[in-house]
Every structure is written in C-alpha cells, then in structure tokens.
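Participant: Dropping the sequence and predicted coords here.
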Amino acid sequence: MLAYVIQRLLQAAVVMLAISALVFIGVYAVGNPIDVMIAPDVTQEIRLATIRAYGFDQPLWKQYAIFLQRLASGDFGRSFVYNMPVLSLIGSRLPATLEITLAAVIGATLIGVPLGMVAGYAPHAKVSKVIMAVSVLGFSVPTFWIGLLLIFTFAVQLGVLPAGSRGETVLFMGIEWSFFTANGLKHMLLPSLNLALFKMALMIRLARAGTREVMLTDLVRFARAAGESEWTILRRHVLRLIAIPLVTVFGLEFGSTMAFAVVTETIFSWPGVGKLIIDSISSLDRPVMVAYLMLVSLLFITINFAVDIAYVALDPRLRARKTT
C-alpha cells in the first residue's frame, strides 16, 4: 500500500511539472500586460524600466526557470492589478467559491443518489418517470439560462431571495464565511441551486444505472432468499456496490464545480475565484491567471489521488491486490 501511494505521488509530481510548462507557455503567449499596466502616453524610458522590473526582457526559458524557483517556494508573485501577493488574493476569494461548491455538490449528492436509487429500483413507476424527466431537464437546460430564470422568479417576481452579491459574513478562523449568517445563507441559495441542478441530474443517472444493474445480480436474489428486507438490501448491498463510481463522480464534480463556477459567479455577482479569473483575463493579470490554473491542476490531481485511495478503502479486492 505504501509503495502504491509513493508511486501515485511521483506520477502527480511529473504531471504537475508538465502542466506548469504548458500553463506558463500558454499564458505568456497571450497579449502584453505592459499595455494594460501603464498608460499609452508614457515615455519609452518608463516603458523599458517597467519591462525590466517585471522581468519581461528575459528569454522565455529564463522566465520559466525563475517561475519554477518561485513556485517551489510557494511564491506565485504579485498581481499586476491589485498589487498584492497572488496567493493572498486568491485566498481571500476562495471561501466564497468553496461555500457554494460544497453546498451544490453535497446537496446534489444527498438528493440525487436516493432519487436515482428509487428510479432504478422501480423503473416503471410514475415517480421514477418524473425523476428521470427532472434529470433530463438538468442535463438539457444551460446553466446561465437557469440562473437568469432563478433570478427572475425568486428575486424579481416573488422578491423572496436576493439576486446577487454575497450578503453578510462572519469571521471564523480568520476567514469570512457566509453560511454562518441567515442573510448569507439567503444569498447562497440561488447560486448553489444553480450549480447543483446539473450535478443532481448526473447523480440521478449514475445511481439509477448502478441500481438497475445490481438489482439483477445473484447477490440481491440471495439476500432476498435470506429474508432481508428491501430497505436493507438497498442500504447494505446496492449502495455499497454503486459507491465506487459515485465517489469518482463526486470527487471530479467537486473539482470541476469549484474550478469552473465562472458562469454562476458572474450571473449572481458572487465574489469568488471564478469572477476573479474572468477579471484577470480581461486585464491580462498574468500572475493571477498562472496561479489559478496551477492551483486548479493541483486540485484535480489531489482529488484523483484521494479517489484512488478511496477505491482501495471501499473495495477489499483492490486492497488485497495493493498489499501483494
């Protein structure tokens, strides 16, 4: 098991190195931030001094080597626009994105998996057809359109929920959080729901397909012959057997939701990391763009590593294979 963990860590390090090169070349090949940072009517001396101050006069390979040195020490540089360390800037926006991501993915899982199991257990029942119709809508309707519809319905027409912004926050462990206040929860509801609908539809489909497959196996027949109740069969056997693909999807969807909540954060004016990266792209704030892409890559690699470890914990056959 230890050898497997070390092997996966080495693979992750190689992948991160390759991603860093691709990200650096891709970002630094887009535009010239000097044109955004200084006024167009400045003297040539000021322009050249600014280029030298930020190291843009160095060859690209040398800039990449300096970037790797800083990256190894956890230094992503300073934002061109906000003039503050990039990690501090992203860290100040991260809790906002983390809140709606956790609420969306956990809510989608807690609702979608039971609904999918119901649809798989009784596929011809009317309730199952309604559940699958909801999942089709969740897949088909674009996220931005759902967001606008939610704002129009609950904020404009009914006036029961706010249309945007983060609302009141409370300082906890040095970080501002919204879900500790009633006003913050009201502001979180619509963006979290907007993010959760597609994830819930995906969980319903996966849970239904897995339940349908497991219900036809000999394991379920033997459990019924042993006198176990249907609830016990679903909870003890079916849910355990479909847990591995669900864990995979949960991990990947958590990472993708957190990394690409750009549309939702823009629609609801949610001050998270997604809105920050959109603003950084518009202003060619390279340090923020590079740091965001690197942190997103690290997030996905970490999630994949955690999912692999969860596989071993959930499936005894994999655990025995890794120890041999």
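Facilitator: Happy to help now that I have it. All values reported here derive from a predicted model rather than from experimental measurement.
Participant: Give me the buried stretch members for stretch 282-293, please.
Facilitator: For stretch 282-293, burial by neighbour count (16 or more other CB atoms under 10 Å) applies to 283-293. (Glycine included, C-beta is placed from N, CA and C.)
Participant: So what does residue 85 look like in phi/psi?
Facilitator: phi -60, psi 140 (degrees, to the nearest 10).
Participant: so who does the residue nearest to it when sequence neighbours are not counted touch?
Facilitator: Distances taken as CB to CB, 6 or more residues apart in numbering place residue 78 nearest to residue 85, at 5.8 Å, with adjacent residues excluded. Counting by CB atoms under 8 Å, 6 or more residues apart in numbering, residue 78 makes contact with 84-86, 287.
Participant: Closest to residue 3 out of the residues you listed?
Facilitator: Distance to residue 3 across those (CB to CB) is lowest for residue 86, with 36.0 Å.
Participant: got the phi/psi numbers for the residue nearest to residue 85?
Facilitator: According to degrees, to the nearest 10, residue 78 has phi -110, psi 150.
Participant: Ok, residue 283 next?
Facilitator: As for residue 283, its main-chain torsions (degrees, to the nearest 10) stand at phi -100, psi 10.
Participant: Correct me if wrong: it contacts residue 276.
Facilitator: No. With contact defined as CB atoms under 8 Å, residue 283 does not count as touching residue 276 (10.7 Å).
Participant: quick check, residue 163 in a helix?
Facilitator: No. Under DSSP: H, G, I helix; E, B strand; the rest coil, residue 163 falls outside any helix and is assigned coil.
Participant: give me the number of residues near the closest residue to it other than its chain neighbours?
Facilitator: Spatial nearest neighbour of residue 163, chain neighbours left out: residue 155 (3.7 Å); criterion: CB to CB, 6+ apart. Residue neighbour count, defined by other CB atoms under 10 Å, stands at 16 for residue 155.
Participant: Next one, pLDDT for residue 155 please.
Facilitator: We have a pLDDT of 87 for residue 155.
Participant: Would you agree it falls within a helix?
Facilitator: Yes. Assigned with three-state DSSP, residue 155 falls within a helix.
Participant: what's near enough to touch it?
Facilitator: Residues near residue 155 by CB under 8 Å, 6+ apart: 161-163, 190.
Participant: Just give me the closest of the residues you listed to residue 255.
Facilitator: Of these, the one sitting nearest to residue 255 (CB to CB) turns out to be residue 190, at 22.6 Å.
Participant: thought that closest one was touching residue 154?
Facilitator: Yes. At 6.3 Å, residue 190 counts as touching residue 154 under the criterion of CB under 8 Å.
Participant: now the residue nearest to residue 163: how far from residue 267?
Facilitator: 11 Å (CB to CB, to the nearest Å).
Participant: Next: residue 67.
Facilitator: 33 Å.
Participant: ditto for residue 118
Facilitator: From residue 118 to residue 267 the distance is 32 Å (CB to CB).
Participant: Could you do residue 242 as well?
Facilitator: Distance from residue 242 to residue 267, by CB to CB: 33 Å.
Participant: can you check residue 211 too?
Facilitator: Residue 211 is 34 Å from residue 267, by CB to CB.
Participant: And these two? Which one has more around it.
Facilitator: Set residue 211 next to residue 267 and count neighbours by other CB under 10 Å: residue 211 wins out with 24 against 21.
Participant: what's the more buried one in contact with, if anything?
Facilitator: So residue 211 contacts 116-117, 119-121, 234, 238, 242 (CB under 8 Å, 6+ apart).
Participant: which residues touch residue 160?
Facilitator: residue 154 are the contacts of residue 160 under CB under 8 Å, 6+ apart.
Participant: hang on, it in a helix?
Facilitator: No. Per three-state DSSP, residue 160 lies outside any helix segment and is coil.
Participant: Now it: phi and psi?
Facilitator: The phi/psi pair for residue 160 (degrees, to the nearest 10) is phi -100, psi -20.
Participant: Scan this structure for its longest helix.
Facilitator: As assigned by DSSP state H, the longest helix anywhere in the chain is helix 86-121.
Participant: Which SSE is immediately downstream of that helix?
Facilitator: Helices and strands here follow DSSP states H and E; after helix 86-121, the next one along the chain is helix 126-140.
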